[in-house]
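Participant: give me coordinates for this.
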Amino acid sequence: MQTPSIMPRLFRLDTGDTIGTITDSQLAFLVEQLEEEHDEDQDYFIDRDTLELLSDNGADPDLLGMLEKAMGDDDEIDIAWE
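Facilitator: Numbers count the residues shown, from 1 in each chain. Next up is the predicted model:
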């Protein structure tokens, strides 16, 4: 019997609110596209320009929509994954 894999969870650092669960390939895309301060870094700064960059670079529409919804009316947010 195969154990189900646990999907990575995105959340806002300021509130701890869950943004949503993402696939391993969506996570790999974020890690590839966004700046990490060190090898074990799991948090990212997202602003409107970042969303546009992710979109231009072929972000999954579901991932992009999730991030846009999480931003709401904010101009920038800090997110992390676990």
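
Participant: what are the ranges of the strands in the chain?
Facilitator: Secondary structure of the chain by DSSP state E: the strands cover 9-12, 18-21, 43-47, 76-81.

Participant: can I get those strands in a markdown table with mean pLDDT, distance to Leu67 and mean neighbour count?
Facilitator: Where you see a C-beta, it was placed from the backbone N, CA and C, and this is true even at glycine. Output for the strands of the chain, formatted as a markdown table (pLDDT from 0 to 100; distance: least, CB to CB, whole Å; neighbours: other CB atoms under 10 Å):
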| stretch | mean pLDDT | distance to Leu67 | mean neighbour count |
| --- | --- | --- | --- |
| strand 9-12 | 96 | 8 | 18 |
| strand 18-21 | 96 | 7 | 16 |
| strand 43-47 | 92 | 6 | 16 |
| strand 76-81 | 95 | 8 | 16 |
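
Participant: pLDDT weak spots in this protein?
Facilitator: 1-4, 36-39 (pLDDT under 70).

Participant: repeat that for 80
Facilitator: 1-5, 35-41 (pLDDT under 80).

Participant: nearest to Glu32, out of the strands of the chain?
Facilitator: Nearest to Glu32, of all the strands of the chain, is strand 43-47, at 11.8 Å by CB to CB.

Participant: now the angle from the closest one to strand 76-81?
Facilitator: Counting by axes from the mean of the first three to the mean of the last three CA atoms, to 10 degrees, strand 43-47 lies at 150 degrees to strand 76-81.

Participant: list the helices and strands strand 43-47 packs on?
Facilitator: Counting by 3 or more CB pairs under 8 Å, 6 or more residues apart in numbering; DSSP states H and E, the packing neighbours recorded for strand 43-47 are strand 76-81.

Participant: distance check, the closest residue to Arg48 other than its chain neighbours against Phe29.
Facilitator: Leaving aside its sequence neighbours, Arg48 sits nearest to Asp75 (CB to CB, 6 or more residues apart in numbering; 6.4 Å). Separation of Asp75 from Phe29 (CB to CB, to the nearest Å): 23 Å.
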